[in-house]
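> Provided below for reference: sequence and predicted model.
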Amino acid sequence: MRRLNILIFSLVCLFNITGGRLIAQVTTPVNATGHIIAEIIPVFSASETSQMNFGRFAPGPQGGEIILTPENTISVLGSVYKGVGTHNAASFYVSGDVNAAYSITLPASPVILTHIGNIKTMLVKDWVSIPSPGLGAGMLQDGFQNVYVGATLKVGTLYDNPVGIYTGSYIITFDFN
């Protein structure tokens, strides 16, 4: 009992010393604000700005090839006679996020050009471009780049390729890396 009295006396003294208040540490919740950022980048796009044009020519007795470079130069092999007029490499305007790298994939197979008045055809093959095709070949340094494309046109004889206009289309793939 004596111990109980001492304990009670000690608590009463502590209560009087603290001014009748028992001190307890109380915590309150604290809020912090977080911030979010999202950035929309320009849409990656490509459009043809100049059509590929092998120009005017005449097939000879053995046929041959017309080579059109991405730099817009033309050379003739075999018995093909170059005519007067214009020719030009294809060009594409590629745009997107600044400093984005992209890949260029040229046609893997020859593309067929068909005479607009009959079923006669010519083949376009050996595609080349500036920048070169491949993974990460292109770079949109200012958010855009021009891509120039050339190829080789396989020309037959006059019987195989009679006078007239030949047309066709092809697909080039531009892909962000």
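Sure thing, it's come through.
> Could I get the full set of helices for the chain?
2-17 (DSSP state H).
> Report the residue spans of it with pLDDT below the cut-off.
The chain contains residues with pLDDT under 70 at 1-25.
> Would you map the strands across it?
45-50, 57-68, 74-82, 90-95, 100-105, 111-115, 121-130, 134-140, 144-155, 166-167, 173-176 (DSSP state E).
> Tell me which residues touch residue 139, please.
By Cβ atoms under 8 Å, 6 or more residues apart in numbering, the contact set of residue 139 is 99-102, 131, 145. (Glycine included, C-beta is placed from N, CA and C.)
> Let's have those residues in TSV, adding neighbour count and distance to residue 56.
Formatted as TSV, the contacts of residue 139 follow (neighbours: other Cβ atoms under 10 Å; distance: Cβ to Cβ, whole Å):
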residue	neighbour count	distance to residue 56
99	10	42
100	20	39
101	14	39
102	23	35
131	18	30
145	19	31
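> Could you work out the most separated pair of those residues?
99 and 131 (14.6 Å; Cβ to Cβ).
> rewinding a little: with respect to burial, which of the strands of the chain scores highest?
Of all these, strand 144-155 carries the top mean neighbour count, a mean of 21, counting by mean count of other Cβ atoms under 10 Å.
> before we move on, back to that, closest to residue 81 among the contacts of residue 139?
residue 131 (33.1 Å).
> can you pull the contacts of the closest residue to the closest one other than its chain neighbours?
If the residues on either side of it in the chain are set aside, residue 131 comes closest to residue 137, at 4.6 Å by Cβ to Cβ, 6 or more residues apart in numbering. Counting by Cβ under 8 Å, 6+ apart, residue 137 touches 102-104, 131.
> any idea how far residue 137 is from residue 115?
Distance from residue 137 to residue 115, counting by Cβ to Cβ, to the nearest Å: 34 Å.
> excluding its backbone neighbours, what's nearest residue 61?
In space, residue 61 is closest to residue 79, 5.5 Å off (Cβ to Cβ, 6+ apart).
> ok, now residue 87?
residue 55 (3.3 Å).
> so how many other residues sit close to the one you found?
Here the count is done by other Cβ atoms under 10 Å, and residue 55 has 15 residues near it.
> repeat for residue 162
14.
> pretty sure it is in contact with residue 121, am I right?
No: Residue 162 is beyond contact range of residue 121, at 11.3 Å (criterion: Cβ atoms under 8 Å).
> Need the residues touching each of those two.
With Cβ under 8 Å, 6+ apart as the test, residue 162 and residue 121 both reach residue 115.
> any idea how far residue 177 is from residue 134?
Distance from residue 134 to residue 177, by Cβ to Cβ: 10 Å.
> joint contacts of the two?
residue 103.
> so the residue nearest to residue 61 touches residue 65, yeah?
No: the pair residue 79 and residue 65 does not pass the contact test of Cβ under 8 Å, sitting 10.5 Å apart.
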